[in-house]
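Colleague: fold the stuff below for me.
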Amino acid sequence: MAKAGLDVDVRLDGTDRVAQALRDAQPKLKERTVPVMQRAASDIALNAMFRARQEPEGLWSRWSRARRGYLSPASPSYRDKKKGEYWFRVETPGTAAGRAEAVSEFARLAVKPQGAALVRTLDSLYGRPGGSGGGRILWAAADDAADRIVSDIGRAAEQAAADIEREMGEA
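Modeller: Okay, the predicted model is just below:
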């Protein structure tokens, strides 16, 4: 008994288009998500500056021994900076303002009464240090925005996926 043969022809149309859409996935994802990350860093920096402006007297001013008084006050300065293709960072300057920001952010233990008074003032203005990064201004701003940022990036990734699926569907 001879075996009967079965011939099957399979034709896939549009494989080139699908392959191209998949190759474009990373650039499309980048196109949708990077602006969201940039906005998030910018929003965190602005929110931190707004919070920091609720200043205790003298915190943002530098004392001058030579002039025996405070110099012009420094101003909180949180800046967002692009550090890599998908990496944005909020930075503080290495100036008097940056030192005041660090004190405001992390001061929690006091050895002398003046330090204890500063910590109480900071706690009353900005809340106690803690949260994900251990701080009370910049990290609090980041913690407050975290859920929204995750949601915004998720939405941007979904839009990129929809763009890619639409291109593959056109194949």
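
Colleague: so which residue is smack in the middle of the chain?
Modeller: residue 41 (3.8 Å; C-alpha atoms, centre = their mean).

Colleague: secondary structure element holding that residue?
Modeller: helix 25-52 (DSSP states H and E).

Colleague: what segments of this protein are strands?
Modeller: Along the chain, the segments classed as strands by DSSP state E run 63-64, 69-70, 79-84, 87-91.

Colleague: of these, which is nearest residue 160?
Modeller: In terms of C-beta to C-beta, the element of the strands of the chain nearest to residue 160 is strand 87-91, at 18.1 Å. The way it works is simple: take the backbone N, C-alpha and C, and place the C-beta from them, glycine included.

Colleague: helices or strands up against the closest one?
Modeller: Packing partners of strand 87-91 (3 or more C-beta pairs under 8 Å, 6 or more residues apart in numbering; DSSP states H and E): helix 25-52, strand 79-84.

Colleague: rerun that using 10 Å as the cut-off
Modeller: helix 25-52, strand 79-84, helix 138-169 (3 or more C-beta pairs under 10 Å, 6 or more residues apart in numbering; DSSP states H and E).

Colleague: what about stretch 143-156, average pLDDT?
Modeller: Averaging pLDDT along stretch 143-156 gives 94.

Colleague: if anything else comes up later, I'll come back, but that's it for now.
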